[in-house]
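Asker: just need the structure, nothing else, for what follows:
(2 chains)
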Amino acid sequence: MRILVVDDESLNRFLLVHMLEEAGYKDCYEAENGQEALKLAEKIKPDLVLLDIVMPDMSGYDVAPILKKKAGGIYLPVIFITALDDQSSLAKCLEVGGDDFASKPFDKVILTAKIRAHGRTRELSKKTFEQKEELTYYRNSVEREHAIVEHIFANALTINKKAGRYFDYRLAPASSFNGDLFLIEPSPSGGLYFLMGDFTGHGLASAIGALPVTRAFQAMASKGLAVSEMAATINHTLLSLLPVDMFFAAAIVEVAKNGTHINVWNGGMPDLILINREGEIRKHFESMHMSLGILDDGEFDDVVEHFQAEEGDRLLGYSDGLVELTNAEEKMLGEEAFYRWLKNEPDVTVTSLNERIEKFRGNAEQLDDITLVSFYCKPLELDVSPNLTSLPFEIHFALDADKLKKLDPVHDITMMIASQMGLDTLRSDISTVLSELFNNALDHGLLKLDSDMKKTTDGFFEYFEQRLERLQQLESGFVHIDVKLDPDTRLLTIEISDSGQGFDISKVNNATDNDCFGRGIPLIREICHDVHYYPGGTRVKVDFLIK
Amino acid sequence: MSLERKISNDGKVLTIFMDEKFDFGKVQDFRNAYSTETEEINEVNIDLSQTEYMDSSALGMLLNMQKTLSGHVEKFNIINCRPQVAKILKISRFDKKFSIS
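Answerer: Numbers count the residues shown, from 1 in each chain, chains lettered A, B, ... in the order given. Below you'll find the predicted structure:
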């Protein structure tokens, strides 16, 4: 223990230090006035100060508070040493911040006992201070980590703005991280998807699963995948990621471009409800499945519910935090009360609903995250055509007999075209048209198959058997495919020519409703902006107009 | 690879799940899916939720199935179509012969 002795009398200092050394306190420093004491204290950081009251420059009464202040958060015992023995002088010692006093002449036993006692308190104070420092450090680092995670979440869990304006919604997390998740993404076909879900629990631990779900959902939405496939994929991801006691209740919904055709996969969320203009419930989309992240791929059920709503209908969804909200009287809000609000005011806004929810809750604490989502069924005007690549291109594919035997080029060429910026939305159309044109060129041009065969059920299959057979025997001939994009006119042109005999387009009979063939050409005329057969019937050109 | 199919517990409803491509390459698989052990069936669902690509030979195959089964099957449903596929079915006026959803 380091002790600072402050006294203007050198004899007093000598006696004190000598006594302290005898008592085992070898680490002693001396100061002969107040100023020197303050300077020295700063340098040596004493554990205890023995302070004289009457000194020429500063009195001990003035020095003590400064010493105390400089000691900061750790207890620095200051013991006055004094020849004064009147009550008021001694009382003042304690009033100015001193901790004790010892009267001259010193009683060795009493003084060392006091030093020991104050030393113990100093040690305790030191420990507390260190722990407080540690806690502060820990709290700061947690806060910083939270800030980083919040930043990542804010950037990752974004709701698509264009699609988002069709929704009225509110997310109210119970703590700073939300275990509820709400996402909206447009689909390539002009419709939209939304996902609302609820991880087990709330707070950071439950929010962490939101990241992989969001990424997967956004990626699948941009590809226009079916709701059932989204559910199966997210289930698969979470199953491998989450601990067994954690899962994700979710409803995944696809709304078609017309705004009324609705597909719902609901696993573990409260019913989504569809109400008409009168506030009557037309449809409950009940949870038909277990939550995501529980069942393995084999057990997983991806059955989806379809519903044709009417324009003006309203689709509402909410997390269980809403209906299980409990007020100060321990009464739950419940579905019935919520439905009643809607019945009484079918057009009630989410904000207004929220006011009612808050009013119901009153002073009670919100224990779970609350999500409330509303969508009015109406045609969607989402500009789905992304920027078209400004790079014009022409690709020529020459397929000879050998290649035709081995390859089905339709899929690969479709993928190649669709991989260009702005062309992905045409993927299905390109595939259909290319398949028609290519098969016509191959089947009728090179393989000389007759569609009339397809008139009977057996003939239908015979046709395909013959096709296979003749293809194997094919020795010469070619099919050429030319693909060209002109970004300025936004025209994608596909031209196919073959080495066959050609046919007369005017003599092709279109199918009646019952025929199993002859649908191809009318189909491409519907899909394409323009279809042109060249004289001779061995070359055809189609244009897609990219909207 | 054969197509996935499911027969309801009462043995009356057959559901065939098509995969990504529905074209002439599926002729044999599709025929097997609707002609194997289906004497008791009176309703057929063709699930197209996975189907992204379809051409007119698929349309022919669907009609052919209908012709083959029309003796004992009363209802043919095409279910879970994606918008692009629904468009093709609509252009081809398949809604007259199938219930499409």
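Asker: residues touching A:Glu185, list them.
Answerer: Contacts were defined as Cβ atoms under 8 Å, 6 or more residues apart in numbering or on different chains; by that measure A:Glu185 touches A:160, A:163, A:192-194, A:217-218, A:221-222. In short, each C-beta sits where N, CA and C put it, glycine included.
Asker: immediately after the helix or strand encompassing it, which helix or strand?
Answerer: Using DSSP states H and E, A:Glu185 sits in strand A:180-186. Next along the chain after strand A:180-186, taking DSSP H and E as the criterion, comes strand A:192-199.
Asker: which strands or helices does that following strand pack on?
Answerer: Contact analysis of strand A:192-199 by 3 or more Cβ pairs under 8 Å, 6 or more residues apart in numbering or on different chains; DSSP states H and E lists strand A:180-186, helix A:210-223, helix A:227-241, strand A:248-255, strand A:370-376 as its packing neighbours.
Asker: tell me how far it is from the chain's mean position?
Answerer: The chain centroid and the centroid of strand A:192-199 are separated by 11 Å, computed with Cα atoms, centre = their mean, to the nearest Å.
Asker: show me what the helix or strand of chain A with the lowest mean pLDDT is in contact with.
Answerer: Taking mean pLDDT, DSSP states H and E as the measure, the helices and strands of chain A show their lowest mean at helix A:204-207, namely a mean of 76. Contacts with helix A:204-207, where a contact means Cβ under 8 Å, 6+ apart, come from A:146, A:149, A:153, A:176-179, A:199-200, A:246.
Asker: quick one: strands adjacent to the strand holding A:Glu185?
Answerer: Using DSSP bridges, the strands paired with strand A:180-186 in its sheet are strand A:192-199 (antiparallel).
Asker: quick one: mean pLDDT for the partner strand?
Answerer: Averaging pLDDT along strand A:192-199 gives 93.
Asker: per-domain residue ranges of chain A.
Answerer: Per the record's domain assignment (automatic domain parsing), chain A is made up of the domains A:3-128, A:157-376, A:393-545.
Asker: for the contacts of A:Glu185, give me JSON lines that also has neighbour count.
Answerer: Output for the contacts of A:Glu185, formatted as JSON lines (neighbours: other Cβ atoms under 10 Å in any protein chain shown):
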{"residue": "A:Asn160", "neighbour count": "17"}
{"residue": "A:Ala163", "neighbour count": "21"}
{"residue": "A:Leu192", "neighbour count": "26"}
{"residue": "A:Tyr193", "neighbour count": "25"}
{"residue": "A:Phe194", "neighbour count": "26"}
{"residue": "A:Phe217", "neighbour count": "25"}
{"residue": "A:Gln218", "neighbour count": "17"}
{"residue": "A:Ala221", "neighbour count": "25"}
{"residue": "A:Ser222", "neighbour count": "15"}
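Asker: need the max-distance pair from these.
Answerer: Comparing every pair within these by Cβ to Cβ identifies A:Phe194 and A:Ser222 as the most remote, at 14.4 Å.
Asker: pretty sure A:Met453 is touching A:Gly459, no?
Answerer: Yes: taking contact to mean Cβ atoms under 8 Å, the distance of 4.4 Å between A:Met453 and A:Gly459 places them in contact.
Asker: mind jotting down where the helices sit in chain B?
Answerer: Along chain B, the stretches classed as helices by DSSP state H are B:27-35, B:56-69, B:83-91.
Asker: one step back: the contacts of helix A:204-207 in strands, which ones?
Answerer: When DSSP state E is applied, the contacts of helix A:204-207 are split such that A:Phe199 fall in strands.
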